[in-house]
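Student: model this:
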Amino acid sequence: MSIFITRIALAVAVLFFAPLVLGLIKSLKAKLQNRRGPRLWQPYLDIIKLLKKDEVVSPTTCWVFRVAPFGYLALAFAAAALLPLPLPGQQETYPDIFDVFLLMYVLAAGRFILVLASLDAGSTFGGMGGSREMYVSVLVEPVLVLAFLTVAAPAGSTGLEAMARQAAQAPFSVPYVFAGFAFFILLLAETGRVPVDNPDTHLELTMIHEGMLLEYSGRRLGLIHLAAAVRQLIIILLFVIFFIPWQASWGGILPQVALKVVITAAALAVTETCTNKMRLFRLPGFIAISGLLSLLALVAQ
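Tutor: The predicted structure is shown next:
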């Protein structure tokens, strides 16, 4: 099986399971809060419903607003294809170009396109959401590079395959615990979870990601929700592959990765239940904790 086909198959699988992971987090969070909550497959139904609906587009917008949801989803699909997750039957090694910086650029390009669309609409809340999204990205991305270096340094390469291979061989150690906690904080920020953002809020003054979507409706809004779910699963998979790499003797790689994704989803639900949304000006200190833990992990190696 060629590397091209396996990467496309992996991206399709991530695209298919991403709403399920989103539904799992919402369901677990509701159970922890003694609420009935949505069904596991509710995000699928919401996305299908939106894709079937007509949409209203402001006459003040240009082509950027109309094209952005397609570009946002396409870049999320491309990022999913870069994940260092081997599929059954894959024999080829990854090309050298598949490195962690390419993955970060693809994810950052998707965020940039969505921010441009939020500014293009010209609404007050869209511009506010876009500016806040860029503020969070400026804080997160340097620390994200530092967190990836904790895996890239012992691997001697920024190639995704080399990093995953090195992480799989790493023993359970203090540096990996520090690096794991550091990346989990970034996971909360990158996926727009409490305490950084609240994906369930509709209060305009507290929204970050949702604020950028207020002008969208219908099928384009459905595409953005699907792309956001894919990006969330990509970050969770990176956390699982690089920072929970230890493998048991039972089953294969994919069942163990699926179990780790469920455990990470449960950890996100517990974190959201136990904490409140943080005020925006406190975010630098929160992200700095992640940077400090990553530095400690690098020094401890």
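Student: where along the protein do the helices fall?
Tutor: The residue ranges that make up the helices of the chain, judged by DSSP state H, are 3-32, 42-52, 63-81, 100-120, 124-155, 160-169, 174-190, 218-243, 253-274, 283-300.
Student: Show me what counts as buried in the shortest one.
Tutor: When burial is assessed from 16 or more other C-beta atoms under 10 Å, helix 160-169 yields the following buried residues: L160, E161, A162, M163, A164, Q166, A167. C-beta coordinates here come from the backbone N, C-alpha and C atoms, glycine included.
Student: ok, now the first one?
Tutor: With burial defined by 16+ other C-beta under 10 Å, the residues of helix 3-32 counted as buried are 6-7, 9-11, 13-15, 17-29.
Student: just the second one next, same as before
Tutor: For helix 42-52, the neighbour count (16+ other C-beta under 10 Å) marks P43, Y44, D46, I47, L50 as buried.
Student: of those residues, closest to L295?
Tutor: L295 has its nearest neighbour among the buried residues of helix 42-52 in P43, at 36.8 Å by C-beta to C-beta.
Student: Quick check: closest non-adjacent residue to the closest one.
Tutor: In space, and not counting its chain neighbours, P43 is closest to P19: 3.8 Å by C-beta to C-beta, 6 or more residues apart in numbering.
Student: go on, L50?
Tutor: G222 (3.2 Å).
Student: where's that neighbour relative to A78, distance?
Tutor: Per C-beta to C-beta, to the nearest Å, G222 is found 19 Å from A78.
Student: how distant is stretch 230-249 from the center of its chain?
Tutor: Between the centre of stretch 230-249 and the centre of its chain there are 11 Å (C-alpha atoms, centre = their mean, to the nearest Å).
Student: I meant to write stretch 208-228 there.
Tutor: 16 Å.
Student: check contacts around the residue nearest to L237 when sequence neighbours are not counted.
Tutor: Among residues not flanking L237 along the chain, L83 sits closest, at 5.7 Å (C-beta to C-beta, 6+ apart). The contact partners of L83, by C-beta atoms under 8 Å, 6 or more residues apart in numbering, come to L10, V14, L103, L160, I234, L237, L238, I241.
Student: mind checking pLDDT for the last one?
Tutor: According to the model's per-residue confidence, I241 sits at a pLDDT of 92.
Student: Contacts only, for it.
Tutor: Counting by C-beta under 8 Å, 6+ apart, I241 touches L83, P84, L85, A164, A167, V257.
Student: related to what we said a few turns ago, pick out whichever of the buried residues of helix 42-52 sits closest to A227.
Tutor: I47 (10.3 Å).
Student: So that closest one sits against G222, correct?
Tutor: Yes: judged on C-beta atoms under 8 Å, I47 makes contact with G222 at a distance of 4.9 Å.
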